[in-house]
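Q: Whatever this is, show me its structure:
(2 chains)
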Amino acid sequence: KNQVEQSPQSLIILEGKNCTLQCNYTVSPFSNLRWYKQDTGRGPVSLTIMTFSENTKSNGRYTATLDADTKQSSLHITASQLSDSASYICVVRGGTAGTALIFGKGTTLSVSS
Amino acid sequence: DTGVSQDPRHKITKRGQNVTFRCDPISEHNRLYWYRQTLGQGPEFLTYFQNEAQLEKSRLLSDRFSAERPKGSFSTLEIQRTEQGDSAMYLCASSRSQGAVDYEQYFGPGTRLTVT
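A: Numbering: from 1, shown residues only, chains lettered A, B, ... in the order given. Predicted coordinates:
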């Protein structure tokens, strides 16, 4: 069964600290993996898209890694800010059909001052 | 604002009533997607359009749900005889498409439906 599992479910960190969110997937075939940031009550916003051949991709203070062999990805946030408080969703595309996007449940990050 | 827009942002309705949501995609995007998201869960795919053609529907889309995109621009999602289990955030996304190339999906702000 195609699944995307994220950990931890929630995380609280102090402003300025770094954190790493995890994503494990069993989606096959694999096309690409995306990380989205979703603020409360808003639609998701894309942070990164990674294909099979990409190991690391950065977007400002966000760095995503992908290990296609172990089917694991991580999202590292550096020097966290209060505005980073949101849900971070890992999404794996397993084909070209509309149903091929498999969403994780997300990790809820709270950054406190 | 040239992003994806959705209307209304919030809808409260009584069980058994019909509701209709609208999505206006980014103008040059020919693909349009509908998702449903319940609290604490990731979005779940409902259906998508390539121009005006509805190419795929999830098994989550029961007979009470219908979506249209008559002119290949905006889309509507109608839920008939709403049930409390329909309470969720309904998200719309749009993207370009060119063959098998997977372009980024841009999401709208969502419509929050509450069925009482």
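
Q: Let me see the residues that make contact with stretch B:83-91.
A: Residues outside stretch B:83-91 that contact it (CB atoms under 8 Å, 6 or more residues apart in numbering or on different chains) are A:43-44, B:6, B:15, B:21, B:34-38, B:43, B:64, B:77, B:79, B:107-108, B:110-116. To be clear about C-beta, it is placed using only N, CA and C from the backbone, and glycine gets the same treatment.

Q: rerun that using 7 Å as the cut-off
A: The contact list for stretch B:83-91 (CB atoms under 7 Å, 6 or more residues apart in numbering or on different chains) reads A:43, B:15, B:21, B:34-38, B:43, B:77, B:79, B:107-108, B:110-115.

Q: what's the answer for stretch B:59-76, then?
A: Contacts to stretch B:59-76, defined as CB under 7 Å, 6+ apart, come from residues B:20-24, B:30, B:32, B:34, B:36, B:44, B:46-47, B:49, B:51-52, B:54, B:77-81, B:92.

Q: Now do the end-to-end distance for it.
A: By CA to CA, to the nearest Å, the extent of stretch B:59-76 from end to end equals 18 Å.

Q: that older thread, now, of the contacts of stretch B:59-76, which are buried?
A: Those of the contacts of stretch B:59-76 that meet the buried threshold are B:21, B:23-24, B:30, B:32, B:34, B:36, B:44, B:46-47, B:49, B:54, B:77, B:79, B:92, by 16 or more other CB atoms under 10 Å in any protein chain shown.

Q: Let's see which of the contacts of stretch B:83-91 end up in strands.
A: Using DSSP state E, the subset of these located in strands is B:21, B:34-37, B:77, B:79, B:107, B:111-115.

Q: How many residues are close by residue 48?
A: Let's take chain A. A:Thr48 sits with 21 neighbouring residues when counted by other CB atoms under 10 Å in any protein chain shown.

Q: You answered for a different chain; I wanted chain B.
A: Neighbour tally, B:Tyr48, other CB under 10 Å: 28.

Q: B:His29 is in contact with that one, correct?
A: No: when contacts are counted by CB atoms under 7 Å, B:Tyr48 is not listed as touching B:His29 (11.5 Å).

Q: Which parts of chain B are helices?
A: Shown for chain B, no helices are assigned by DSSP state H.

Q: Show the residue spans covered by the strands in it.
A: Ranges of strands within chain B are B:5-7, B:10-13, B:19-24, B:31-37, B:44-50, B:53-57, B:65-68, B:75-79, B:88-95, B:106-107, B:111-115, based on DSSP E.

Q: now the fourth one against strand B:88-95, angle please.
A: With axes from the mean of the first three to the mean of the last three CA atoms, to 10 degrees applied, the angle from strand B:31-37 to strand B:88-95 works out at 160 degrees.

Q: Could you list every helix and strand that strand B:31-37 packs against?
A: Applying 3 or more CB pairs under 7 Å, 6 or more residues apart in numbering or on different chains; DSSP states H and E, one finds that strand B:31-37 makes contact with strand B:44-50, strand B:88-95.

Q: Report the distance from the first one to the chain centre.
A: Spelled out, it's strand B:44-50. 7 Å (CA atoms, centre = their mean, to the nearest Å).

Q: CA-only coordinates of that strand, as CSV, when you get a sec.
A: The C-alpha trace of strand B:44-50 is given here as CSV (Å, rounded to 0.1, in the frame of the first residue of the first chain):
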residue,chain,number,x,y,z
GLU,B,44,-6.9,13.7,0.0
PHE,B,45,-7.3,13.8,-3.7
LEU,B,46,-10.9,14.1,-4.9
THR,B,47,-10.8,14.8,-8.7
TYR,B,48,-8.9,16.7,-11.4
PHE,B,49,-9.5,18.4,-14.7
GLN,B,50,-7.4,18.9,-17.7
